[in-house]
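J.: I would like to see how this sequence folds:
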Amino acid sequence: MATLAGAVNGQAIIERSDVELQGPGLDPKYTDDAAVALVIQDLQRAKTYLDQKQWNLHWREADVLYQSPRTNQSFEGSTVARANISRFTVAKHVNSLVPAMKSGIFYENPPFLLRPRPATSQTTARAKTTLYGTLLDDADFEAEAELALEDMTNFGTVIVKAGWTRETKVKKVRSPKQAPITQTLPFGGKLTIHTKESDERVVTDTEVTKEGIFFERCDLGSVLVDPTWKKPNALHKSAKYVIHISYPTFKDLDDLREEKEFDEDGKQIGGYDIPSEEELKAFFFAHRDQNAANPSQVMQNLGGQNYAIHHAQNEEEVSSADPLEAPIMMAERHDRSYIHTILTTDGITGLLIRSQEHNLPCIPYFSANFWNIPKAGYGIGVGRLAGSDQRIEKGLVDAVLDLLSFAINPMYARDRGANAPTQQIRMRLGGIVDVDTKAGQSVRDAFGIIEMPKTPPEVFTVLQAAAQNAQSTTGADEAFTQGSLPGKGGSSAARTATGAGGIIAANAGKIQGPVGHFVKGILLPLIELIDFLVKDRMTPAKIREILGRELGDAFELDAQNFYESEDMFDCLAGAKLAAKKAMAQALPLMVQIFENAPLVQQLNAMGYMVDVKLLLEMFMEVSEWKDARELIRPMTPQESQKYQQNNPGVQRVQGQLAAIGARHNAKAAEIDQSKEADLAKEMLGKASDEAALWDERKWDRTAIEQSVFAPEGG
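T.: Residues are numbered from 1 along each chain as shown. Here you go, the predicted model:
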């Protein structure tokens, strides 16, 4: 098989000159060729170790028992089928435990608690809780976590991968060609007029960059761990290295081309260095019908090559006629400081496409066990714990059914000699068998039914013991899965509050260990990694954009306090699985306490108050209603105005203001009337004066006229 251009031999010996020491706390730095050899040789070592241990871990057996396939079996020397009934003890226990564990972990949203340091403000704590919860939702964390819990419960161990992703896509934005015309009416209100342009649609292409975390469950065998790993539920901080095997196609590699990191001068300092599109195209067309390099034996046994049970086709096999959909093996190795990624076609030669410091606080792989094994990183699951009991149940039930089949279809005996038939005789309805009888012998003596053995009563005792043993071992008994106590008459322990509380605590304690392993091994380390990645790679503008969608545009972010905060995270389910029931029982008591008026007054005197909105949200949380955001919402301006109008206090103040206004208006009217009277008097006086002055001037004019125009001597 031809290799990629530039691929080097991964079997070469790593020389002293290929290694550069980096100092305490950092792994050595390797040359490019040595990095390829390091990945391939560590891959082979870890794969060999895991393939040898898979039978001890019983992963394939657990996989088969979960599906419980039926095989065709017949009695010796005949074509009569034997009983072969599927028993789903393992599957039943897994699907009883996983929902309970999931509800215990995800009973609150987000599924973690932030314990702020004294320097962290309440606003920052709220912002971090909301932001990290949103990033988990965007990564579809709950759905992936459920798949991880199923693997952990059945196989005993699950390994997940997390990190930061940035993706730029062209999004089609659809909008009206023009906005409708809005007119303000003379007496209030607005009128919207739709036009031809406002009813037309315009589609524009816009580049949208989406960034956040990714979280994915890895198939067993696809993650090859340092063989010396022996600290369970602590893969991210105890393994020397982890190698992840995947099988990307042309499209997958082309998408990785965009994940590059550059410094301020435009020089590439990180990301994938993928060959050109033409080189990749030529390679994939040359290997259009060839499978990629083989994975570990574990992946093959748990994949589509295990024909006894159903699984999807293995990723290394060609699944499409499209040459660009052919797979190629990619191996990515993480240690404490560096990440090295290669492409290989044969598991011997490799092309280095990434080599850089990952700048992460830990290896971005996390693990959790159902039951731990001393001095081992992997654990034991229900497939092994209840597998033997399922086999006992299946074997005994099949044997009992075979006996019942004999009783329904019995064997017959006939006298040897004269009764020898010339052909095989088959039982049939209405059939007649001819027999020869000897002297003194009846037909029944010559031909009769053989008495069949009866089913031993001990079989049912063993079946019951096997079922109870499986339940007690895994924790999926009647009290846990159905809420009822085992036994015909139940138990008097549940008749008292103390006894019922003890039963609830005992049931919660049965899966407390696996839940605690998931929380400590996966959930909390993931939140801590998110805290680091957000501060390292997300700008304040992006943080405000997400928080604006979740908390409203009015929310103000203290970016300085956000980036400087160093807080602790916890999960209440990991500390006490029955906490939700206790919280639900305590809420009514809390309401009664806060209804005490003197207590509330004393709190007010101390500068505190009871947040009623938060109390209602607590009720919504424990009842698992999902409509709290719609139920408790800000008022609209119209609702706020109407509330102010209907408020008794506001109405009383408005009445007082109206009375004051009426008195003021009356006083003003009185003053206005007084002023009007004074003004009238003044105007009347002036009119009188002017009239008198006019009469005086008229008299003067008359006198002058008489003196001037009078005849002489007159």
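
J.: Torsion angles phi and psi at Met330?
T.: As for Met330, its main-chain torsions (degrees, to the nearest 10) stand at phi -120, psi 130.

J.: Tell me what it is bridged to.
T.: Note on Met330: beta-bridge partners by DSSP bridges are Ser246, Leu343.

J.: low-confidence ranges in the stretch 601-714 of the chain?
T.: 617, 620-633, 644-645, 647-657, 661, 668, 672, 675-677, 679-681, 683-714 (pLDDT under 70).

J.: meant to ask about the stretch 151-300 of the chain, not that
T.: In the stretch 151-300 of the chain (pLDDT under 70), the answer is 187-188, 260-269.

J.: So Asn369 sits against Gly156, correct?
T.: Yes: if you go by Cβ atoms under 8 Å, Asn369 and Gly156 touch, sitting 6.0 Å apart. Where C-beta positions appear, they are placed from N, C-alpha and C, glycine not excepted.

J.: what's the overlap in contacts for those two?
T.: Common contacts of Asn369 and Gly156 (Cβ atoms under 8 Å, 6 or more residues apart in numbering): Tyr378, Gly379, Ile380.

J.: Those residues in strands, which ones?
T.: Counting by DSSP state E, the shared contacts of Asn369 and Gly156 place Gly379, Ile380 in strands.

J.: Make CSV from the shared contacts of Asn369 and Gly156 and add pLDDT and distance to Asp289 to it.
T.: Below are those laid out as CSV (pLDDT from 0 to 100; distance: Cβ to Cβ, whole Å):
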residue, pLDDT, distance to Asp289
Tyr378, 95, 37
Gly379, 95, 40
Ile380, 94, 42
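
J.: neighbour count winner among Asn369 and Gly156?
T.: Taking neighbours as other Cβ atoms under 10 Å, Asn369 and Gly156 compare with Gly156 leading, 28 against 24.

J.: hang on, isn't the more buried one packed against Ser367?
T.: No: counting by Cβ under 8 Å, Gly156 stays clear of Ser367, with 10.7 Å between them.

J.: contacting residues around Thr344?
T.: Going by Cβ under 8 Å, 6+ apart, Thr344 touches Thr3, Ala7, Gly10, Ile40, Ala293, Ile328, Met329, Met330, Ala331, Gly350, Leu351.

J.: So among those residues, where is pLDDT lowest?
T.: Lowest pLDDT within the contacts of Thr344 is found at Thr3 (69).

J.: Which neighbouring elements make contact with the longest strand anywhere in the chain?
T.: For the chain, the longest strand by residue count, based on DSSP E, is strand 157-176. When contacts are defined as 3 or more Cβ pairs under 8 Å, 6 or more residues apart in numbering; DSSP states H and E, strand 157-176 packs onto helix 141-155, strand 201-218, strand 223-225, strand 365-369, helix 524-537.

J.: Make a markdown table out of these and add distance to Arg414.
T.: Formatted as a markdown table, the helices and strands packed on strand 157-176 follow (distance: least, Cβ to Cβ, whole Å):
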| stretch | distance to Arg414 |
| --- | --- |
| helix 141-155 | 53 |
| strand 201-218 | 64 |
| strand 223-225 | 66 |
| strand 365-369 | 62 |
| helix 524-537 | 75 |
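
J.: Looking at these, spot the one closest to Asp18.
T.: Among these, strand 223-225 comes nearest to Asp18, with 22.2 Å by Cβ to Cβ.

J.: hey, where'd the strands end up in the stretch 1-150 of the chain?
T.: Using DSSP state E, counting those that start in this stretch, the strands of the stretch 1-150 of the chain run over 8-9, 19-20, 29-30, 113-115.

J.: Turn these into TSV, including distance to Gln441.
T.: Formatted as TSV, the strands of the stretch 1-150 of the chain follow (distance: least, Cβ to Cβ, whole Å):
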stretch	distance to Gln441
strand 8-9	88
strand 19-20	97
strand 29-30	94
strand 113-115	89
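
J.: Give me whichever of the ones you listed is most buried.
T.: Mean neighbours per residue, mean count of other Cβ atoms under 10 Å, is largest over these for strand 29-30, with a mean of 18.

J.: Give the partner strands of it in its sheet and their orientations.
T.: strand 19-20 (antiparallel).

J.: ok, the residue nearest to Thr344 when sequence neighbours are not counted - contacts?
T.: Spatial nearest neighbour of Thr344, chain neighbours left out: Gly350 (4.3 Å); criterion: Cβ to Cβ, 6 or more residues apart in numbering. The neighbourhood of Gly350, defined by Cβ under 8 Å, 6+ apart, consists of Ala7, Val8, Gly10, Val36, Val39, Ile40, Ala331, Ile342, Leu343, Thr344.

J.: Now compare those residues and name the two farthest from each other.
T.: Maximum pairwise distance in the contacts of Gly350, criterion Cβ to Cβ, is 13.9 Å, between Val8 and Ala331.
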